[in-house]
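Colleague: No letters, just coordinates:
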């Protein structure tokens, strides 16, 4: 080691720089290859995790939509539908014709629900309520009283019982199905079971959903139940052990693990209202294979670069010192406050040229930031002026409306007086001193003034009924949540009747830590096709209904964590249900 140091001291500065540059370049290239491989691997893993997390959440929603868990359309919708209404009746009070109509109604309802994903619906009815049986949809409850799953279902009447995929004896085609069982009870006596509804879903359709979100050979998607049994999977040839799958279930973050000498990343998400978990498994070895090939290529490329660097180091050492001096001079001028630097970056493409270009970009960015800072100061001053104007304008509007109302009183024109008063209160609640979150009581008063103004146009053709418990009036929600809904009810519901007019009712109730606010009208209703588009993935073409309700829904979701649903029947009216989380801390008095 000493002789190497002694020999190095005897070299000229130019040679020292050339040798140092060569050695540094060699080690830098080696380090660059290693760091690049590690960094690219980590970046790729992060990208895979980010994209996969997005895909698995979309897939989870698709599965819940496929199984009818995202709404009351299929499973729970059956329990609150014609089946319960018909079977809870006292059949002794009806004649044979009326019973036949009940049978026709049940048969039509069940047949309508069956589709590509719902293969069959079986209803096991209590024997004394059984009007008929057809060996397809309707069966006596006594036929399943000996089944173990039936006794388990009796212990959880408010939950859906899910089976693993199986081949039913009654199905003519060899196709796996998944069965959801649900116990319906008498609305007058919840201890009295009326029937058991069994809904058979196609496992193939569920598997197709899983296959739509995976990359063959790299990603595996599997659904398992609480016993780590596979419900559906993308690749039955890739046999993961139950122990491996059970170790994944319950995790809500990415984890790395080995299985059969291969590295995997795994993620588990629970599927709502089921005992299932959605498992996303990524084969890291297969996913990182392109990076490994790039690493090998970079190693070969680096070897060639090292040889070239050694040959050119003598020439480059002189050029390097010259350009470093120019960088130093430029840095000194900048430290003295001179940002007007023009640095010649020449035609070379090496590390020093990169530093020169980056240096120029940095100087340009500093200059831009100084300009932006100056502009921000001007914009801030302008915003302060606008804020002051926003405070002045409402007061000017209120004072002007107050003057008009007093002049109307002096002229004994009380209709104009009441209209102006309603308008003033309406805008005062709309502005609300800039507050975005308001109590429910303010929203209800806002609706009263709005309907009063509309009634002036429609000759009191709108009947507004508000039935809200005083204890719920201090719950908060985004400002102007109810008004767009009531406006839609009037414009697209009541005004389109012949003659125009009708009833709007608003009521609220609290249950299961959720507050429901229901706005119902008896207008013309909404067609199923239009209703599906209003709150679907795409905004409705009807600007007033689709965009307005979507805007309300988004504000509810992103401000207070709420949601919005619509129920409508053409010719009968529309009901909009606002769902708010119950976070009430106090009770205030609700005005009328």
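Modeller: Yep, that arrived. Keep in mind it's a predicted model, so treat the numbers as computed, not measured.
Colleague: ok, now how distant is the nearest residue to residue 465 once chain neighbours are set aside from residue 443?
Modeller: Of all residues not flanking residue 465 in the chain, residue 505 sits nearest, at 4.4 Å (Cβ to Cβ, 6 or more residues apart in numbering). Heads up, the C-betas are built off the backbone N, CA and C, glycines and all. Counting by Cβ to Cβ, to the nearest Å, the separation of residue 505 from residue 443 is 15 Å.
Colleague: between these two, which one's more packed in?
Modeller: Set residue 505 next to residue 443 and count neighbours by other Cβ atoms under 10 Å: residue 443 wins out with 22 against 16.
Colleague: next helix or strand past the lowest-mean-pLDDT helix or strand in the chain?
Modeller: In the chain, no helix or strand scores lower on mean pLDDT, DSSP states H and E than helix 75-79, which sits at a mean of 54. Remark: after helix 75-79, the chain's next helix or strand is helix 82-87, criterion DSSP states H and E.
Colleague: where do the strands sit along the stretch 351-500 of the chain?
Modeller: Ranges of strands in the stretch 351-500 of the chain, per DSSP state E, counting those that start in this stretch, are 437-439, 462-467, 476-478.
Colleague: can you give me the offset of the longest one from its chain's centre?
Modeller: The gap between the average C-alpha position of strand 462-467 and the chain average comes to 34 Å, counting by Cα atoms, centre = their mean, to the nearest Å.
Colleague: go on, stretch 199-216?
Modeller: The answer for stretch 199-216 is 21 Å, by Cα atoms, centre = their mean.
Colleague: ok, and what's touching it?
Modeller: 55-56, 58-59, 62-63, 66-68, 74-75, 78, 116-122, 165, 168, 171, 175-182, 219-223, 231-235 (Cβ atoms under 8 Å, 6 or more residues apart in numbering).
Colleague: picking that back up, name the helices or strands packed onto the helix or strand that contains the residue nearest to residue 465?
Modeller: Assignment of secondary structure by DSSP H and E places residue 505 within strand 502-511. Counting contacts by 3 or more Cβ pairs under 8 Å, 6 or more residues apart in numbering; DSSP states H and E, strand 502-511 packs against helix 440-458, strand 462-467, helix 482-489, strand 514-521.
Colleague: Run through the neighbouring helices and strands of the third one.
Modeller: Meaning helix 482-489. Going by 3+ Cβ pairs under 8 Å, 6+ apart, helix 482-489 lies up against helix 440-458, strand 502-511, strand 514-521, helix 548-559, strand 573-581.
Colleague: Next secondary structure element downstream of the shortest one?
Modeller: Moving toward the C-terminus from strand 514-521, the first helix or strand encountered (DSSP H and E) is helix 528-534.
Colleague: in that following helix, what's buried?
Modeller: 530-531, 533-534 (16 or more other Cβ atoms under 10 Å).
Colleague: Packed most tightly, which of the strands of the stretch 351-500 of the chain would that be?
Modeller: strand 476-478 (a mean of 20; mean count of other Cβ atoms under 10 Å).
Colleague: which helices and strands does that one pack with?
Modeller: strand 437-439, helix 440-458, helix 548-559.
Colleague: Point out the most buried one among the ones you listed.
Modeller: helix 440-458 (a mean of 19).
Colleague: List the contacts of it.
Modeller: Taking Cβ under 8 Å, 6+ apart as the rule, helix 440-458 contacts 415, 418-419, 422-423, 425-426, 429-430, 432, 461-462, 464, 466, 468, 472-477, 479-483, 486-487, 490, 495, 500-501, 504, 506, 508, 517, 588, 590-591.
Colleague: Derive a ChimeraX selection command for the buried subset of the residues you listed.
Modeller: In ChimeraX syntax, the buried subset of those is picked out as below (16+ other Cβ under 10 Å):
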select :419,422,423,425,426,429,432,461,462,464,466,468,472,473,474,475,476,477,479,480,481,482,483,486,487,490,495,501,504,506,508,517,590
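Colleague: Now do residue 229, the pLDDT please.
Modeller: As predicted, residue 229 sits at a pLDDT of 85.
Colleague: Can you give me the distance of it to residue 245?
Modeller: Distance from residue 229 to residue 245, by Cβ to Cβ: 9 Å.
Colleague: More neighbours: the two, which one.
Modeller: residue 245 (20 against 14).
Colleague: so the more buried one makes contact with residue 227?
Modeller: No - between residue 245 and residue 227 there is no contact under Cβ atoms under 8 Å: 10.2 Å.
Colleague: Any idea which of the helices and strands packed on strand 476-478 gets closest to residue 365?
Modeller: Nearest to residue 365, of all these, is helix 548-559, at 33.5 Å by Cβ to Cβ.
Colleague: Great, nothing more from me.
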